[in-house]
Every structure is written in C-alpha cells, then in structure tokens.
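**Student:** pasting a predicted model and its sequence here:
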Amino acid sequence: MQHNAPKQYIKLAGKTILEHTLTKLSALAQLNTIVVALNENDPYFEQLPVIDARIVRTCGGKERADSVLNSLLFLAANPPDWVLVHDAARPLVTVDDINTLINECISADEGGILASKVKDTIKRGHIYAEQTVPRDDLWQALTPQFFKYEDLKNALQNALASGAVITDEASAIEWANKPVKLIPGRSDNIKITTPEDLDLAGFLLQKQQNENAL
Ligand SMILES: Nc1ccn([C@@H]2O[C@H](COP(=O)(O)OP(=O)(O)OP(=O)(O)O)[C@@H](O)[C@H]2O)c(=O)n1
Ligand SMILES: C[C@](O)(CO)[C@H](O)COP(=O)(O)O
C-alpha cells in the first residue's frame, strides 16, 4: 500500500479501516466474542477507541490461515458452535449481507461464504492471453466466511499440516471434502489491497455513514 502504517490503520471517512470493520461486526448481536488477530508487536490497536466489550486480541500468524487457526485455538477452551471469519481489509461489508450469510447457513446446517458472480471476461495467461475462462459458474470469494467451529479448526489444522495452499477458510473446508454454500453478496464488499482501492473505499464508507446517520 506504500503507506507508513499497516493498511488496517489507514484512516478513511474519519476512522481507521479496522475500526470501520469492527464497527460492522459489533452490530451483530449474535456474536459472543470478536477475536482480532494482530501482529504481536502491533503498537496501534491499543490506541484505538474501544468499540465493543466483546473484542479481544490474539496473535496472528505468518499467513492469513495461520492467523485464523490461532484465533480458533484461542477459543478452544469455550468453543462456539459456529465461527464467522472476516478480513479486516473488507470494511465495506454490510450487516445485511452478514445476517443473510448466517441465516442461510444455519437454516441449511451447512457452512458457506459471501461471494459475488464474476462480471468481467476472465483471461488466463501471463504476457499474452492464453485462454478465455468460461465464467458462467465463476465466483469471487468474499468474506465473511461462516463454518462450524470444529469443522473449520480440524480442516485448517489438517490442510496446513499437509502443505495445502489455503487462502480462505472455504479452501480448507473444500480440502476436507465438506460443502461450501455460495451466498450472493454485494460486489462493493471490496478487499482493500492496492492504493487505488482507498479512494473508492473512502467514498463508499462516507456514503454508508451518511445513510446510517439518516
Ligand atoms: N498474516 C495475515 C495476513 C492477513 N490476515 C487477514 O487477512 C485479510 C486479507 O489479507 P490481505 O489483505 O492480503 O492481508 P495482507 O496480506 O497482510 O495484505 P497485503 O496483501 O496488502 O500485503 C487481512 O485484512 C487480515 O484481516 C491475517 O489475519 N493475517
Ligand atoms: C479471504 C479472501 O478475502 C477471499 O477472497 C482472500 O482469499 C484473501 O486473500 P489475501 O491474499 O489474504 O488477501
């Protein structure tokens, strides 16, 4: 992000990205605990205003999957039935989408993820386009991703131990041959990854705040 602080602490629409994301999660009354995986030397988090008494910090890991597994193990003494995993870098998620994900998965008794249908033509290649990938059944995986605690903990532990490349919770669940429901979600639930994402995210966050203030 070419920024002087980790991207989750970049301020947009008056708050850090992490505060925006935690504010969305704090609107979910059904969450018992909100675990934030942080770098063990993170000096920024303690300076943030308290958003919710349910928020606790734990140490993240080298990769995203390591952070998620650390967070699951943090809860092992009093495990929940279900766990919702969300990217700090996706502050634009709507509470409505999260509630739809939770309700659909609990009704079906199956885990699932928010996802948005691919809208562009997809090319496979490096310097030149080598293939146009049929996109009728292609989805972009978003977050949150929602699974039964034991299913996700076991799948992550086993998949990581086997050396599988795990970039989202669903890929560990798929590795374990368990179902992943695709729940259509808003395509503006973007992951802030590159500098050009900041202007769009800042505009959309301000728009959300203006609408919520009405
Ligand atoms: N070691 C890591 C890396 C990522 N994440 C989580 O995964 C989300 C999505 O990953 P990404 O945005 O790619 O995080 P980084 O890899 O740290 O960022 P970048 O790709 O911009 O370097 C992050 O917002 C963060 O919540 C994590 O918990 N632990
Ligand atoms: C979890 C995720 O946001 C789903 O698209 C994505 O896999 C995160 O990838 P990253 O490389 O950790 O940003």
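**Tutor:** Here it is on my side, so go on. Treat the numbers as computed from the prediction; the structure is a model and nothing was measured. Ligands and ions are numbered 1, 2, ... in the order given.

**Student:** quick one: the longest strand along the chain near ligand 1?
**Tutor:** For the chain, the strand that runs over the most residues, judged by DSSP state E, is strand 139-148. No - counting by C-beta under 6 Å from any ligand atom, ligand 1 has no neighbours in strand 139-148; the shortest distance is 7.8 Å. Every residue, glycine included, has its C-beta placed from N, CA and C.

**Student:** quick check: buried residues in that strand?
**Tutor:** Using 16 or more other C-beta atoms under 10 Å as the burial criterion, the residues of strand 139-148 that qualify are 141-148.

**Student:** out of these, which touch ligand 2?
**Tutor:** Within those, those near ligand 2 by C-beta under 6 Å from any ligand atom are 141, 143.

**Student:** pLDDT score for the residue of the chain most remote from its centre?
**Tutor:** Largest separation from the mean C-alpha position in the chain: Tyr128, at 32.0 Å (C-alpha atoms, centre = their mean). pLDDT for Tyr128: 98.

**Student:** how near is it to ligand 1?
**Tutor:** Here Tyr128 is placed at a distance of 26 Å from ligand 1 (C-beta to the nearest ligand atom, to the nearest Å).

**Student:** just Asp136 next, same as before
**Tutor:** Counting by C-beta to the nearest ligand atom, the gap from Asp136 to ligand 1 is 27 Å.

**Student:** what is the mean pLDDT for the longest strand of the chain?
**Tutor:** 98.

**Student:** could you do stretch 6-26 as well?
**Tutor:** 97.
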